[in-house]
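Engineer: Structural data only, the sequence is not supplied:
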C-alpha cells in the first residue's frame, strides 16, 4: 500500500501504486471536489486502491482501463462495483460491464478539473491515454526509456509511431509522464526527458521505427489468451480448477504460473517443469514472488488440501487471481500433465501418519507400563487427527514441513536467482515493452 502523501501534479493529485509484475495503477484526484478516478487497476491492488481512496475521503466516479490488458487481470470491475463507479474503456475493447466508451478528445470531469481522453492506437486498437493540465497517463504507449510492443492484439507499429508523435507534438516538454508499466522500479519521467533519453523517440522515420519495432518481439506474456478472455468477459477466476484444465493452461505456456506449496523435498521428488516452489510455511515472507507471476495462478500440492490453505493465506495478503488445482500433482499427472521426477522422497502426509501412529503407540505403551497419565498423549494425537480431518488444517504437518529433511537442496539458489525479476526485469524481457532498437543508444 502506498502511504506517501498524494503528489500534486498541476491542479490534480496523483497516487501511484506499483505491482511486482511491473504494472502501474493510479488514483488521480481533484483536491477540491474530492472526486477521483482509478486507472488501470491490477486485480491484486483493488483492496489497496479502495483503502487509499476511502482514507483520503475521495469519491470514485470513474474507473478506467486504458486498453485490454494481456499480462495481468484487471480489477476495474471489482473496484467499480465497490464504489458504484462508471467503468470506462474504448468501444473497441468490448469489455463486459463497461458503460461509457469515450471518443477521442472527450473530457471527463473531476469536479471542475478536465481530464481529456485521447485515442492512441498502436499497442492495441482500443488504446486510450489520459491527459491532464500537467500530466500524461500513457498506459502502454510511451514507457520510461521505451515504447509498447505491437505484435499481438491487433497492434500496429505504424499507428503507435503516429500516436506517440501526435502526443509529443501536442504536449509540453514539462508534461509529467506516468506510464502503465515500468520494469526497473522507476516511477515517472517527463516528455522532455524522454525526448533526450528514449531511443525509440529518437527514430524520426516511420518506416525505420516500424522495422525496428517488429524485428525482435519479446516473448508473449504468460497465460495471455486466458487473461484476455477474463478481462474482456469479466469472468472471475474460479476457486478451483480441474487437473485437465490445469494441464491445458500449463501446455499453453502457463507453467511459470504454477505455485507449488509443498515441501522442498516433495518438490525435488516430483514437480511440474517450470513451476515455482513457495512452501506453505513461507508464503507470508514470499508473497511478492507469487504476485510477480501471471494470473491465473495455479496453487498445487499433493492432493489439493495444502493449496486450499495457501489460497486463504495469500488472499489475506491481498494476492488475487488464485485457483487451486483439484487433486494436486497426482491428479495433474494422471490427467496427462508432464512432471519431472527426482530422488523419491516420502510425502508430508505419509510422514504425518507415521509420526501420529508412533506417538499414539508411545502413549499407549507408556500408559500401560509407566503411568496411566501417558494415555493422554494417545488421546491428544487422536483428537488432533480428527481436528485435522474436520478443518483440513494439520499443525503436525506444518511443523514437519520445517524439518531439515523436507527442505530442497536447490530451493535457496533457485529463489535467489528468481527474485530480481519482479522489480528489475529489463525492457527486452518485459511483458508489454518493446526491445531496445538496434540503432538506439540510451543517454544517461
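Structural biologist: Nice, I can see it. Values in this document were obtained by computation on a predicted structure and should not be read as measured data.
Engineer: for residue 38, phi and psi?
Structural biologist: phi -110, psi 140 (degrees, to the nearest 10).
Engineer: Just list the residues touching the closest residue to residue 91 other than its chain neighbours, thanks.
Structural biologist: Closest residue in space to residue 91, ignoring its immediate chain neighbours: residue 101 at 3.7 Å, by C-beta to C-beta, 6 or more residues apart in numbering. The C-beta positions use only the backbone N, C-alpha and C, and glycine is treated the same way. By C-beta atoms under 8 Å, 6 or more residues apart in numbering, the residues touching residue 101 are 88-91.
Engineer: pLDDT weak spots in the stretch 51-200 of the chain?
Structural biologist: For the stretch 51-200 of the chain, applying pLDDT under 70 flags no range at all.
Engineer: got the phi/psi numbers for the spatially most central residue of the chain?
Structural biologist: With distances taken as C-alpha atoms, centre = their mean, residue 291 lies nearest the centre of the chain, 4.7 Å away. Dihedral pair for residue 291: phi -60, psi -30, per degrees, to the nearest 10.
Engineer: just checking, what packs against the strand or helix carrying residue 314?
Structural biologist: Assigning secondary structure by DSSP states H and E places residue 314 in helix 305-316. Of the remaining helices and strands, those touching helix 305-316 by 3 or more C-beta pairs under 8 Å, 6 or more residues apart in numbering; DSSP states H and E are strand 297-300, strand 322-325.
Engineer: Settle this for me: residue 126 is touching residue 88, isn't it.
Structural biologist: No. Contact criterion C-beta atoms under 8 Å: residue 126 and residue 88 do not qualify, at 11.7 Å.
Engineer: So these two - more neighbours on which side?
Structural biologist: More crowded of residue 126 and residue 88, by other C-beta atoms under 10 Å: residue 88, with 27 against 22.
Engineer: Could you spell out which stretches of the chain belong to which domain?
Structural biologist: Listed by automatic domain parsing, the domain ranges of the chain are 7-215, 237-345, 348-401.
Engineer: In JSON lines, list those along with distance to residue 228.
Structural biologist: Supplementary listing: those in JSON lines, determined by distance: least, C-beta to C-beta, whole Å:
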{"stretch": "domain 7-215", "distance to residue 228": "6"}
{"stretch": "domain 237-345", "distance to residue 228": "12"}
{"stretch": "domain 348-401", "distance to residue 228": "34"}
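Engineer: among those domains, which is nearest residue 231?
Structural biologist: Closest approach to residue 231 among the domains of the chain is made by domain 7-215 (4.8 Å; C-beta to C-beta).
Engineer: end-to-end on that closest one?
Structural biologist: Start and end residues of domain 7-215 are separated by 39 Å (C-alpha to C-alpha, to the nearest Å).
Engineer: hmm, back to that, enumerate every residue touching the residue nearest to the centre of the chain.
Structural biologist: Contact partners of residue 291, counting by C-beta under 8 Å, 6+ apart, are 19-21, 44, 319, 422.
Engineer: Name the member of those that has the highest neighbour count.
Structural biologist: Of the contacts of residue 291, with other C-beta under 10 Å as the count, residue 44 tops at 26 neighbours.
Engineer: Run through the helices of the stretch 51-200 of the chain in chain order.
Structural biologist: Using DSSP state H, counting those that start in this stretch, the helices found in the stretch 51-200 of the chain span residues 76-83, 157-170, 191-197.
Engineer: Next one, pLDDT for residue 421 please.
Structural biologist: pLDDT, residue 421: 28.
Engineer: What of residue 430?
Structural biologist: 46.
Engineer: now residue 230
Structural biologist: For residue 230, the model assigns a pLDDT of 84.
Engineer: Checking it next. Helix, strand or coil?
Structural biologist: helix (DSSP: H, G, I helix; E, B strand; the rest coil).
Engineer: Now find how far off-centre stretch 149-164 is within its chain.
Structural biologist: Relative to its parent chain, stretch 149-164 has a centroid offset of 24 Å by C-alpha atoms, centre = their mean, to the nearest Å.
Engineer: ok, back up a step: mean neighbour count and mean pLDDT added to the helices and strands packed on helix 305-316, as a markdown table?
Structural biologist: Shown next, in a markdown table, are those (neighbours: other C-beta atoms under 10 Å; pLDDT from 0 to 100):
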| stretch | mean neighbour count | mean pLDDT |
| --- | --- | --- |
| strand 297-300 | 26 | 96 |
| strand 322-325 | 24 | 95 |
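Engineer: could the ones you listed be laid out in CSV, adding distance to residue 97?
Structural biologist: Converted to CSV, those look like this (distance: least, C-beta to C-beta, whole Å):
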stretch, distance to residue 97
strand 297-300, 23
strand 322-325, 21
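Engineer: OK, contacts around the spatially closest residue to residue 253 that is not a sequence neighbour?
Structural biologist: Take residue 253 and drop its neighbours on the chain: the residue closest to it by C-beta to C-beta, 6+ apart is residue 222, 5.8 Å away. With contact taken as C-beta under 8 Å, 6+ apart, residue 222 is in contact with 71, 253-254, 256-257, 293-294.
Engineer: related to what we said a few turns ago, pLDDT value on the residue nearest to the centre of the chain, please?
Structural biologist: Predicted confidence (pLDDT) for residue 291: 89.
Engineer: about what we covered before: highest neighbour count among the contacts of residue 222?
Structural biologist: Greatest neighbour count in these, by other C-beta under 10 Å, goes to residue 293: 26 neighbours.
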